[in-house]
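S.K.: sequence first, then the predicted structure, then my questions.
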Amino acid sequence: MFRRTFWFTAGAAAGVWATTKVNRKIRQLTPESLAAQAADKAIDAGHRLKDFALDVREGMVRREAELGGALGLDAPVDPELPVSRHIAVEAPGRPDRVTVHRTLPCNSDNRNEDH
């Protein structure tokens with residue numbers, strides 16, 4: 001009698017445990033739950049990407065300061081020397097600079113190009 005009661009209780013406990021596990025897994029696989037999990041992972045990835053970008057920016061600023069100190073760019077300017085202007089390679093939107101655009105020849109017989 002004790003043996004039957006033991007196996008009956010063990011079987012019932014295993015059934016309850018299996019049913020609980022299956023129901024929990026089914027709830028995890030609903031579309032709403034999957035969408036929430038994806039949103040949480042996207043937010044987490046965004047935070048990690050932002051932290052990475054901030055670390056890169058901090059390292060860049062630190063390295064620029066090191067290079068500026070090594071090259072003497074942060075040294076005080078001698079008032080007797082002429083000041084030279086440094087213009088970037090391309091500075092769009094500057095009113096004091098005329099931008100020249102190059103165009104390609106228009107006499108192409110290629111029928112596959114977009115017009």
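M.R.: Looks like it arrived, so ask away. Just so we're clear, the structure is a prediction, and the values are computed from it rather than from any experiment.

S.K.: show me the shaky parts of the protein.
M.R.: 75-79, 81-115 (pLDDT under 70).

S.K.: just the strands in the protein please.
M.R.: Applying DSSP state E to the chain gives no strands.

S.K.: residue 73: how many residues sit nearby?
M.R.: 10 (other CB atoms under 10 Å). Every C-beta, even on glycine, is put in place using the N, C-alpha and C of the backbone.

S.K.: who's in contact with it?
M.R.: Applying CB atoms under 8 Å, 6 or more residues apart in numbering to residue 73 gives the contacts residue 67.

S.K.: 7 Å instead, please
M.R.: With CB atoms under 7 Å, 6 or more residues apart in numbering as the criterion, no residue contacts residue 73.

S.K.: quick one: the helices in the chain?
M.R.: 2-28, 31-71 (DSSP state H).

S.K.: let's have those in TSV, adding mean neighbour count and distance to residue 80.
M.R.: TSV is the format used below for the helices of the chain (neighbours: other CB atoms under 10 Å; distance: least, CB to CB, whole Å):
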stretch	mean neighbour count	distance to residue 80
helix 2-28	10	75
helix 31-71	10	21
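
S.K.: phi first, then psi, for residue 30.
M.R.: Main-chain torsions, residue 30, degrees, to the nearest 10: phi -70, psi 150.

S.K.: from residue 59, how far out is it?
M.R.: From residue 30 across to residue 59, the span is 43 Å (CB to CB, to the nearest Å).

S.K.: now do residue 1
M.R.: For residue 1, the distance to residue 59 - CB to CB - is 75 Å.

S.K.: ok, residue 37 next?
M.R.: 33 Å.

S.K.: for residue 51, same thing?
M.R.: From residue 51 to residue 59 the distance is 13 Å (CB to CB).

S.K.: again with residue 8
M.R.: 66 Å.

S.K.: then residue 7?
M.R.: To residue 59, residue 7 is 65 Å away according to CB to CB.
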